[in-house]
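Asks: pasting the structure only:
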């Protein structure tokens, strides 16, 4: 199931604003309940499947995240859904990078428009190989690291999440049915910053000092007619 989990995902759901320091660095308001958005399956960049593409005129920011795959369908979970019950719903994990077209997103937020363009360009979701559940016995003891051109930009533990997985699942499932195979990204820690054509990007998922999974790719200019212009 090394990459099959990607093709099996009916939905890709992403938690936003789940680390306090990241909220502060973008001057965003702290949410009172989990906030999430969707990314299209066409935004996935599989391991060793080519470069990451930077659209013309776009300020791209990296956001490294822990993702997990559901092993069952969930609907209308109670508010007191327990942490133990939540972990039983996880099939496995992945290392992910939620790339964001920051200037596109900022304009959309300012004008009250949807974020879909800013999150949905081709290659805007680099994903690792599947990580078996037994390799991550505690999803809150995971270190996420991202480097650009060898310089560490993001490095934090997942125990800093504001909304843990059981709260994420109970809230999401009260809004829409979560299906077996759905992929859920749990938010990014502080340190987000730009990716430019020519950059070399590396990301690592570590448990107790050991690297469990990694991602490595180069960034190039996206070909084609698109160039960012104000909406």
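Replies: Ah, there it is. Bear in mind the structure is a predicted one, so any value in this text is a computation, not a measurement.

Asks: The nearest residue in space to residue 227 that is not next to it in sequence: neighbouring residues, count only.
Replies: Of all residues beyond its chain neighbours, the one nearest residue 227 is residue 56 (4.1 Å), with distances taken as C-beta to C-beta, 6 or more residues apart in numbering. For every residue, glycine as well, the C-beta is placed using N, CA and C. Other residues within reach of residue 56, judged by other C-beta atoms under 10 Å, total 14.

Asks: Ok, residue 204 next?
Replies: 20.

Asks: my guess is it contacts residue 145, does it?
Replies: Yes: with contacts counted by C-beta atoms under 8 Å, residue 204 reaches residue 145, the gap being 4.3 Å.

Asks: Need phi/psi at the residue nearest to residue 227.
Replies: Here is the backbone geometry of residue 56 (degrees, to the nearest 10): phi -60, psi 130.

Asks: chain center to the longest strand along the chain: distance?
Replies: Secondary structure of the chain per DSSP state E: the longest strand is strand 210-221. Its chain's average C-alpha position is 14 Å from that of strand 210-221, according to C-alpha atoms, centre = their mean, to the nearest Å.

Asks: And for stretch 94-103?
Replies: Chain-centre distance of stretch 94-103: 6 Å, with C-alpha atoms, centre = their mean.

Asks: Outside of the lowest-mean-pLDDT helix or strand in the chain itself, list whatever touches it.
Replies: Scoring the helices and strands of the chain by mean pLDDT, DSSP states H and E places helix 20-25 at the bottom, with a mean of 82. With contact meaning C-beta atoms under 8 Å, 6 or more residues apart in numbering, helix 20-25 is reached by 17, 29, 30, 156, 160, 162, 187, 188, 189, 190, 191, 192.

Asks: now those as a markdown table including neighbour count?
Replies: Shown next, in a markdown table, are the contacts of helix 20-25 (neighbours: other C-beta atoms under 10 Å):
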| residue | neighbour count |
| --- | --- |
| 17 | 19 |
| 29 | 8 |
| 30 | 10 |
| 156 | 18 |
| 160 | 16 |
| 162 | 16 |
| 187 | 25 |
| 188 | 28 |
| 189 | 25 |
| 190 | 17 |
| 191 | 20 |
| 192 | 19 |
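
Asks: Just flag the most distant two among the residues you listed.
Replies: For the contacts of helix 20-25, the farthest-apart pair by C-beta to C-beta is 29 and 156; their separation is 20.7 Å.

Asks: how would you label residue 203: helix, strand or coil?
Replies: Using DSSP: H, G, I helix; E, B strand; the rest coil, the structure places residue 203 in strand.

Asks: my read: it touches residue 99, true?
Replies: No: with contact taken as C-beta under 8 Å, residue 203 and residue 99 are classed as non-touching, separated by 11.3 Å.

Asks: Looking at the two, which is more packed in?
Replies: Remark: of residue 203 and residue 99, residue 99 carries more neighbours, 28 against 24, as counted by other C-beta under 10 Å.

Asks: Quick check: closest non-adjacent residue to the more buried one.
Replies: Among residues not flanking residue 99 along the chain, residue 124 sits closest, at 4.1 Å (C-beta to C-beta, 6+ apart).

Asks: so what's residue 31 scoring on pLDDT?
Replies: Residue 31 carries a pLDDT value of 85.

Asks: a strand runs through it, doesn't it?
Replies: No: the assignment for residue 31 (three-state DSSP) gives coil, which keeps it out of a strand.

Asks: how many other residues sit next to residue 106?
Replies: Residues contacting residue 106 under the criterion other C-beta under 10 Å number 15.
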